[in-house]
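Chemist: Fold the following, please.
(chains A and B)
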Amino acid sequence: MDVQAWTYLIVGITFALYIGIAIWSRAGSTKEFYVAGAGVPPLANGMATAADWMSAASFISMAGLISFMGYDGSIYLMGWTGGYVLLALLLAPYLRKFGKFTVPDFVGDRYYSNAARTVAVICAIFVSFTYVAGQMRGVGVVFSRFLEVPINVGILIGMGIVFFYAVLGGMKGITYTQVAQYCVLIFAYMVPAIFIALQMTGTPIPQIGFGSEVVDGSGYILDKLDGLHEQLGFAAYTDGSKPMIDVFFITFALMVGTAGLPHVIVRFFTVPKVRDARVSAGWALVFIALLYTTAPAVATFARYNLINTVSDTQYSELPSWFKTWEGTGLIAWADKNEDGAVQYVNGKAFAGKPAFTDGTGAQGQRLISNELTDNENELYIDRDIMVLANPEIAELPAWVIALVAAGGLAAALSTAAGLLLVISTSVAHDLIKKQFNPDISEKSEVTIARISVAVAIMIAGYFGINPPGFVAQVVAFAFGLAASSFFPVIILGIFYKRMNKEGAIAGMLAGIIFTAAYIIYFKFVNPAANVSENWLFGISPEGIGTLGMLINFAVSLVVSKITPAPPEDIQELVDSLRYPKGAGEASAH
Amino acid sequence: MEKGKLQEYWMTNLKYLIGLLVVWFIVSYGFGILLAEPLNAIRLGGFKLGFWFAQQGSIYVFVVLIFVYVGLMNSLDKKYEVHED
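Modeler: Here you go, the predicted structure:
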């Protein structure tokens, strides 16, 4: 069987599985629809959290990014795992004790204010939409490459599947589908990684393999890679080139952003007890770490393989994957010195993304109309292809390649579903039930939630078809906003009893406006100015969420000091959050 | 339970939190970023140590930290009888 037949088979089986689970776990009540009846075992919740968390960006783009960034790629590895320590220690148990459905619920109740609730709802919807657009795009990319349908048709198919199980099953359906999706995606990630680790280093464990010698015994793979990089004029793979302050700030923004993402936080509302919330954060990180410690190994292997395969190779002798990806427009080659061979050195071959003409060159390569730069580099490679192309580059069997396609889809769909649920809950519960129509019956609330999921899917699909930017860039945006809005108000809400509504609203607004303005300015208004000389303290837009968070903390504390203390019953609420049981008696004293 | 006891429980919790977050900070921001360069002089097989902490070690420590906290808090909950049945 060829790759495409395998892909139809494996993707077909996994989709049938997701639909089967959705039918089995239909939701009846609002509690089932919003938080899966708060009855999810911690281990299953950990798995679902991991799938919810690991998006198309983690599965498809991350190893590719690290592959091109080397040491600098550590910002994603540490940034997207370290947040779970914050979640387990500072947020999850207390929010579980609080025992409501959503993050805006917490903000609204803790700060006894519908204005604060509304600000939180807007932040939640905004963060979730920025994030979900990237997922839909990821679905489209996988479909277009492996099933050879247009990207937009792929997005429509993805929308259909998510529609089915999110509308039907709500959080309950999503949770158990995510458990299945985790299994699919981790299997799909590990199998090629193990194959390649064996092939290149003789060790089946990728985490150890990339610190080992290559099979021919000519040296450690990382040392050899550093050597190749030096030869070709790149910065050493294990050193990186970003300034330290930027690495620090981006890592921090990603960590805190993780802990502030509403679709991650809400997962801890679904377990039965406070101690389950703690341990399920632990399980989530175990399942995430499995992929996140494999990714840098995959990145190293892919980089080494790529350079060895393409550097100074005649175009006519390149393996077939090169031409397949050239066909999708994610690889382009301009034979500047007309020697028929690929020169791959540091520098951009041309400005921007490749603009292909209809013609082909002397070697049969697709011609581009971009203006060429005067450096020697002739190759353009989109970072997103590294994970998807890796099995082909390493010449693995067809079923492994198909498996990777199914894994990429699982990662994108599971995250999309989690985000869509947050959006629908925000609309049905936080806006309609809590603000406009408190007397609404449970049945109509679930119906409204279902309708809002459906509408949210349409909007997400629209953004997937007309993407606002690169997948990873958009996601980075969501983190900065989550870090600068939710994280401080939740932390202060739990750990600082004196914190009041004036402080919370002022802090959230200050944090999110500052961060959004900085990002919008450098990314959309004046992208030409987006260089380190113009950045505030040398912090890039990706890392600015950390500063936004600090501003939020500072504004919150100052404003709450000069305004009245929160009412007595709120201080009792804070007390009750701090103890898994028995707080009611305590506050009676 | 009386308020003093609960206050004691909360203070112990905060003590655990501070201790664990210090470790959290040291392995990632310390070893992985601020001290990565000097640590890179030390080798762990084919890895430079600073690079290893940034791409592997810190993640392993994060996992351990959460389970240590779970263990500490489960026994603390029992000791102060605030655990759920």
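Chemist: Give me the distance between residue A:488 and chain B.
Modeler: Between residue A:488 and chain B the computed distance is 16 Å (Cβ to the nearest Cβ, to the nearest Å). The way it works is simple: take the backbone N, C-alpha and C, and place the C-beta from them, glycine included.
Chemist: and that residue, what does it touch?
Modeler: A:507-508, A:511, A:549, A:552-553, A:556 (Cβ atoms under 8 Å, 6 or more residues apart in numbering or on different chains).
Chemist: Let me know the helix or strand that the residue nearest the centre of chain B is in.
Modeler: The central residue of chain B, meaning the one whose C-alpha is nearest the mean C-alpha position (Cα atoms, centre = their mean), is residue B:20 at 3.1 Å. Per DSSP states H and E: residue B:20 is located in helix B:3-25.
Chemist: returning to what we had before: lowest-confidence member of the contacts of residue A:488, which is it?
Modeler: Going through the contacts of residue A:488 one by one, the lowest pLDDT turns up at residue A:508, 88.
Chemist: For my notes, confirm residue A:528 occurs in a helix.
Modeler: Yes. Going by DSSP: H, G, I helix; E, B strand; the rest coil, the assignment for residue A:528 places it inside a helix.
Chemist: What about it, how many residues nearby?
Modeler: Residue A:528 is surrounded by 8 other residues when neighbours are defined as other Cβ atoms under 10 Å in any protein chain shown.
Chemist: Stretch A:176-190 close to chain B?
Modeler: No. Under the criterion of Cβ under 8 Å from any Cβ of the partner chain, chain B is not reached by stretch A:176-190; the shortest gap measures 15.2 Å.
Chemist: for the record, mean pLDDT for stretch B:28-35?
Modeler: Rounded to a whole number, the mean pLDDT of stretch B:28-35 is 88.
Chemist: Show me which residues of that stretch are buried.
Modeler: Applying a neighbour-count criterion of 16 or more other Cβ atoms under 10 Å in any protein chain shown, one finds B:28-34 buried in stretch B:28-35.
Chemist: Which ones among the residues you listed map onto strands?
Modeler: For the buried residues of stretch B:28-35, not one is inside strands, with DSSP state E as the criterion.
Chemist: List just the nearest of these to residue A:178.
Modeler: residue B:28 (27.0 Å; Cβ to Cβ).
Chemist: If we go by neighbour counts, what in the very next helix or strand once past the helix holding residue B:20 is buried?
Modeler: Secondary structure here is assigned by DSSP H and E; on that basis, the next helix or strand after helix B:3-25 toward the C-terminus is helix B:36-39. Using 16+ other Cβ under 10 Å as the burial criterion, the residues of helix B:36-39 that qualify are B:36, B:39.
Chemist: The following helix or strand past helix B:36-39 pairs with which strands, and in what direction?
Modeler: Scanning the chain past helix B:36-39 towards its C-terminal end, the next helix or strand to appear is strand B:43-44 (assignment: DSSP H and E). Taking DSSP bridges as the criterion, strand B:43-44 sits next to strand B:47-48 (antiparallel) in its sheet.
Chemist: Which residues outside the strand it pairs with are in contact with it?
Modeler: A:211, A:222, A:238, B:39-42, B:56.
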